[in-house]
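Participant: just the structure for this:
(chains A and B)
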Amino acid sequence: MELIIQFGVIAFLLLLGLVFGRAAEARHFRELKQKELILRQVLVFSEKHPPADQEFRGAKLVVGSVVIAEDYFKRIAASLKSLVGGRLTAYESLMDRGRREAIVRMKQAAREAGASMIFNVRIETARLSESDSNRQALFAAEFIAYGTALVPANRP
Amino acid sequence: MSWENPPVPHEVNVSRESVLAEFLRLLAGLGICVLILAAVLYLAGGWLARWVPFSTEAAWVGDRVIGLSNVVEAPADAEHTRILERLRTLTARVAANMDLPQGMSVRVHLSDNDVPNAFATLGGHLVVNRGLYRRMPSENALALVIAHEVGHIKARDPIAAVGGGASLALLMVALGGDARSLAPGIARLVQLGYSRQAESAADTEALLGLQRMYGHAGGAAAVFEVLDDYGREHREITMPTLLSTHPADARRIQRMREAAGQWNGTPALVPLSAEDGMDAPQ
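Facilitator: Numbering: from 1, shown residues only, chains lettered A, B, ... in the order given. A predicted model of the protein is given here:
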């Protein structure tokens, strides 16, 4: 009986994670697509040096960061997959969302500063979790994108 | 010089394969692996347990009858004592005819349960329900049931079941279960019945014993007819172990009939007891 309750709880959590996690992910991807379209005018470069033939009025460090957590379904699916190895597709989409959201937020910061380009863009990821001894620790990752936003000189 | 950031095809980063489908596939694979492991552990545990000497098994259980806890303990009235006495005599006669290995002894107990059932458990204990005793048409039939259970004891089936159960419990603990909550389940295993082969072997032993005891195996099939009738009347969860055994009842009855062979009613079946009139089949 206890066993049935235990399995029931796990199944319920899995279902919860599956339904809400997938809905949240789908919504997030839709929003990302929109925001990226709107922010297309802000160009990002990994290049360290701005082009010599352009004049800039100012430079500013812009940062965009986001923390994204897994859902229960992703956790179980990933732990199951890690038994046999291979692509952790459950986390691939999570990491993708994180990186894109961080860039979007960085671009928003740049646009507010009146910049049209961001140079030397870097993305870093940090894992947020309790100590490794705690198996129940939640997996969440912080994504931070930063770069130097340049405000063009010809801008009013 | 002009630049642009072309739209990135983000979908390449994300697998098109459904995570759910993959999850279900992995879960099924894991389930199959665990089941195979469980089967191997159960068989290996059972095989190992049979190596435990019977004396060790008997010393381990002592006077406790494992599995009897959920069977109604009979009141010690006069009739109970009388039936138990008859069972003891009969069991001793059956055991004497079954070539038990040196040092193996069988102790019979009477339970007040009205379900026609009997089971053998650890340490050579054998439990007969009053419901079985009441319904048996002849002493021969009762002797067959006892011989069948003695056959299980002789084959060490109870300890094999417990050994297998213990290995399964080990697996459950390894998978994160609670060992203490599993213990009663293991004890109950001895009542759940045994494998097809074990039942068949016990039947063979029982028929041999019956043959030796009475000179014929007549009356044996009646046991299963009685159990079959009971099973048809009571479609409930508490199916008697004897009945729910795997070689389908029809096949077992057939086998019992064949074993009776040329027996044509002589020598006649021994009535359960003259003074047991009230216990006669209804």
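
Participant: mind checking how far the helix or strand harbouring B:F23 is from the chain centre?
Facilitator: Here B:F23, judged by DSSP states H and E, is contained in helix B:19-49. Chain-centre distance of helix B:19-49: 24 Å, with Cα atoms, centre = their mean, to the nearest Å.

Participant: contacts for whichever helix or strand comes after that helix next, please.
Facilitator: Toward the C-terminus, helix B:19-49 is succeeded by helix B:54-61 as the next helix or strand (DSSP H and E). Applying Cβ atoms under 8 Å, 6 or more residues apart in numbering or on different chains, the contact partners of helix B:54-61 are B:P101, B:G103, B:M104, B:S105, B:L122, B:G123, B:G124, B:H125, B:R156, B:I159. Bear in mind the C-beta positions are built from the backbone N, C-alpha and C, glycine included.

Participant: just stretch B:92-105 next, same as before
Facilitator: B:54-55, B:58, B:106, B:124, B:143, B:146-147, B:150-151, B:153-154, B:205, B:208-209, B:212-213.

Participant: now the residues you listed: which count as buried?
Facilitator: The neighbour count (16 or more other Cβ atoms under 10 Å in any protein chain shown) marks B:54, B:58, B:106, B:124, B:143, B:146-147, B:150-151, B:153-154, B:205, B:208-209, B:213 as buried among these.

Participant: just for the chain, where's the confidence low?
Facilitator: Assuming you mean chain A. Residue ranges of chain A with pLDDT under 70: A:130-137, A:155-156.

Participant: um, chain B though
Facilitator: B:1, B:10-16, B:67-76, B:176-193, B:235-249, B:262, B:273-282.

Participant: need phi/psi at the spatially most central residue of chain A.
Facilitator: Residue closest to the average C-alpha location in chain A (Cα atoms, centre = their mean): A:G98, at 0.8 Å. Here is the backbone geometry of A:G98 (degrees, to the nearest 10): phi -60, psi -50.

Participant: give the contact list for it.
Facilitator: A:V66, A:I68, A:T125, A:A141, A:E142, A:F143.

Participant: helix, strand or coil for B:T266?
Facilitator: Per DSSP: H, G, I helix; E, B strand; the rest coil, the secondary structure class of B:T266 is coil.

Participant: what's the burial count for it?
Facilitator: Residues contacting B:T266 under the criterion other Cβ atoms under 10 Å in any protein chain shown number 7.

Participant: distance of it from chain A?
Facilitator: 55 Å (Cβ to the nearest Cβ, to the nearest Å).

Participant: returning to that earlier point: mind checking which of the contacts of helix B:54-61 are buried?
Facilitator: Buried among these by 16+ other Cβ under 10 Å: B:M104, B:L122, B:G123, B:G124, B:H125, B:R156, B:I159.

Participant: max pairwise distance over the residues you listed: which two?
Facilitator: B:H125 and B:R156 (13.5 Å; Cβ to Cβ).

Participant: thinking again about what came up before, any idea what the closest residue in space to the residue nearest to the centre of chain A that isn't next to it in sequence is bridged to?
Facilitator: What sits nearest to A:G98 in space, not counting adjacent residues and going by Cβ to Cβ, 6 or more residues apart in numbering or on different chains, is A:F143, at 3.7 Å. Beta-bridge pairing for A:F143 (DSSP bridges): A:V66, A:T125.

Participant: didn't A:F143 look like it was pressed against A:A102?
Facilitator: Yes: under the criterion of Cβ atoms under 8 Å, A:F143 makes contact with A:A102 at 4.0 Å.

Participant: touching both of those two, which residues are there?
Facilitator: Contacts common to A:F143 and A:A102, judged by Cβ under 8 Å, 6+ apart, are A:S65, A:V66, A:I123.

Participant: can you report phi and psi for B:V52?
Facilitator: Residue torsions, per degrees, to the nearest 10, at B:V52 are phi -70, psi 130.

Participant: how far away is it from B:G261?
Facilitator: For B:V52, the distance to B:G261 (Cβ to Cβ, to the nearest Å) stands at 37 Å.

Participant: of these two, which one has the most company?
Facilitator: Set B:V52 next to B:G261 and count neighbours by other Cβ under 10 Å: B:V52 wins out with 15 against 11.

Participant: can you tell me the helix or strand for the residue nearest to the more buried one when sequence neighbours are not counted?
Facilitator: Excluding the flanking residues, the one nearest B:V52 by Cβ to Cβ, 6+ apart is B:I159, at 6.0 Å. Here B:I159 sits within helix B:157-174, counting by DSSP H and E.
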